[in-house]
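S.K.: This is a predicted model, with the sequence first.
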Amino acid sequence: MALRSVCIGALRTGTDFGVNNARTFVSTAFLCRRSTHLGPLPNDEFDAQNLDSVERYRSYTRYLKQAEETNNQPAWWKTYRSYVERKDPEHGAEKVDIGLPYYRPSRTKEAKERKQVMKENKKNVELERACRLRTFKIPLDRVHETWEKSSGPFHVKRLADHYGVFRDLFPMAYFLPQVPLRIFYGQDNSGQVHYGNQLTPTEAASFPQISFDAEEGSLWTLLLTCLDEHLLDNETEYVHWLVGNIPDGAVQAGDELCHYLPPFPARGTGFHRYVYVLFKQEGPVNFQEDVRPLPCHSLVDRSFKTMDFYRKHQDNMTPAGLAFFQCQWDESVTDTFHKTLDMREPVFEFIRPPVYHPPQVKYPHRQPLRYLDRYRDGKKHSYGIY
């Protein structure tokens with residue numbers, strides 16, 4: 001009641017209190033004391049009233065030079081970059097390219113080849129007729145081949161950055177995947193690995209068919225690892241397949257250092273990233289320290305770090321190819337844990353039990369009309385039939 005009377009008194013006209021109406025509501029800004037700045041504000045010396053005294057740059061180059069000098073000068077206020085660098089010291093740090101050197105083709109040569117192709121197409125009568133009748137079909141294989149040789153590696157790198165592959169595989173480093181990998185799962189090659197597509201553990205149960213363009217006499221190393229699968233340490237991976245000293249792109253002829261293990265994403269942990277990395281070797285490499293026992297069904301032995309593996313052999317190999325897919329739990333993962341790994345399956349989600357219904361009676365008394373629907377399979381509704 002007292003609070004209501006105070007509010008009513010504040011809203012009365014000022015004549016009841018012996019003051020003018022204009023002075024009834026006093027701004028609270030005068031009650032706040034403004035603190036002084038720690039230094040001069042930006043453009044504090046700029047006199048907007050006297051524009052004739054302002055120095056004219058007369059060219060964009062002089063303006064840009066002075067703007068860069070002003071930007072590099074230390075300031076007393078805190079910027080967004082200072083806040084981010086205090087929480088993440090590696091923010092904005094330049095990453096190291098650890099891949100093969102990229103030699104960009106000459107633009108003049110590409111333009112000449114393009115003009116030559118256009119001239120030949122204009123002289124082709126059948127091509128002109130097919131385009132006019134809208135029956136011309138674009139060969140997608142040639143388009144895909146051209147994409148792999150031109151802008152494909154840069155697109156794959158952007159996808160890998162988007163999915164955080166380089167961040168978790170090679171911290172503060174990256175590479176340009178210049179060697180395209182063609183990976184197919186299944187007998188009919190139905191499950192192909194692209195760059196982030198989804199496959200089921202059932203489709204990836206057996207090792208795939210892999211091919212890539214390799215020079216004669218070259219040696220390669222193929223790695224399959226999972227970045228999100230480790231059950232104890234988030235910074236550690238599980239190696240699923242490792243083959244070294246692959247001659248001329250024939251994966252089956254290489255030294256299998258760790259045999260293939262199908263994906264086993266734990267239930268309730270969402271999608272996991274499975275990454276294929278192809279390394280180009282300078283020569284034969286001794287992988288005696290990286291050989292796993294056969295068969296290797298121990299998760300402790302399969303604990304792996306790609307960065308440590310690369311540091312050990314960085315003088316003899318260079319990452320050149322990349323492909324990855326995503327995988328989520330299905331029923332085959334349970335068999336992998338029980339039969340292959342010989343352990344209990346970890347579950348990270350609540351498995352809701354089926355709804356309990358009492359035994360069905362032949363003559364239900366005082367039951368709703370939809371009583372029989374409880375004891376059906378639930379796939380097709382029978383509303384209105386009974």
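M.R.: Happy to help now that I have it.
S.K.: does the closest residue to residue 53 other than its chain neighbours sit in a helix, a strand or a coil?
M.R.: In space, and not counting its chain neighbours, residue 53 is closest to residue 47: 6.3 Å by Cβ to Cβ, 6 or more residues apart in numbering. No exception for glycine: its C-beta is placed from N, CA and C like everyone else's. For residue 47, the secondary structure call by DSSP: H, G, I helix; E, B strand; the rest coil comes out as coil.
S.K.: I'd assumed residue 222 was in a helix, is it?
M.R.: No - under three-state DSSP, residue 222 sits outside any helix and is assigned strand.
S.K.: does it have beta-bridge partners, and which?
M.R.: Applying DSSP bridges to residue 222 gives these bridge partners: residue 243, residue 278.
S.K.: chain center to stretch 172-183, what's the gap?
M.R.: Distance, stretch centre to chain centre, for stretch 172-183: 14 Å (Cα atoms, centre = their mean, to the nearest Å).
S.K.: residues of it that come out buried?
M.R.: 173-181, 183 (16 or more other Cβ atoms under 10 Å).
S.K.: just stretch 332-339 next, same as before
M.R.: Residues of stretch 332-339 classed as buried: 332-333, 335-337 (neighbour count, 16+ other Cβ under 10 Å).
S.K.: quick one: the most centrally placed residue in the chain from residue 311, how far?
M.R.: In the chain, the C-alpha nearest the mean C-alpha coordinate belongs to residue 163, at 0.6 Å (Cα atoms, centre = their mean). To residue 311, residue 163 is 23 Å away according to Cβ to Cβ, to the nearest Å.
S.K.: returning to that earlier point: hang on, isn't the residue nearest to the centre of the chain packed against residue 197?
M.R.: No - counting by Cβ atoms under 8 Å, residue 163 does not reach residue 197; the two are 11.2 Å apart.
S.K.: Next secondary structure after the helix ranked longest in the chain?
M.R.: When the chain is parsed with DSSP state H, its longest helix is helix 107-123. On the C-terminal side of helix 107-123, the closest following helix or strand by DSSP states H and E is helix 125-132.
S.K.: That next one versus helix 107-123: what angle between them?
M.R.: 90 degrees (axes from the mean of the first three to the mean of the last three Cα atoms, to 10 degrees).
S.K.: Check which residues of helix 125-132 are buried.
M.R.: Buried, per 16+ other Cβ under 10 Å, within helix 125-132: nothing.
S.K.: After the helix or strand bottoming out on mean pLDDT in the chain, which helix or strand is next?
M.R.: Within the chain, no helix or strand scores below helix 2-10, which has a mean of 45 by mean pLDDT, DSSP states H and E. Sequence-wise, the next helix or strand downstream of helix 2-10 (DSSP H and E) is helix 60-72.
S.K.: roughly how far out does whichever helix or strand comes after that next one sit from the chain middle?
M.R.: Downstream of helix 60-72, the next assigned helix or strand under DSSP H and E is helix 80-87. Helix 80-87 sits 24 Å away from the centroid of its parent chain (Cα atoms, centre = their mean).
S.K.: and helix 80-87, what does it pack onto?
M.R.: Taking 3 or more Cβ pairs under 8 Å, 6 or more residues apart in numbering; DSSP states H and E as contact, there are no helices or strands that helix 80-87 lies on.
S.K.: Could you export it as PDB, CA atoms only?
M.R.: Output in PDB follows, covering the C-alpha atoms of helix 80-87 (Å, rounded to 0.1, in the frame of the first residue of the first chain):
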ATOM      1  CA  TYR A  80      37.800  -8.200 -30.400                       C
ATOM      2  CA  ARG A  81      41.100  -9.800 -31.500                       C
ATOM      3  CA  SER A  82      42.600  -9.200 -28.000                       C
ATOM      4  CA  TYR A  83      39.700 -10.800 -26.300                       C
ATOM      5  CA  VAL A  84      39.900 -13.900 -28.600                       C
ATOM      6  CA  GLU A  85      43.700 -14.200 -28.400                       C
ATOM      7  CA  ARG A  86      43.500 -14.100 -24.600                       C
ATOM      8  CA  LYS A  87      41.200 -17.200 -24.600                       C
END
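S.K.: Right, I'll leave it there.
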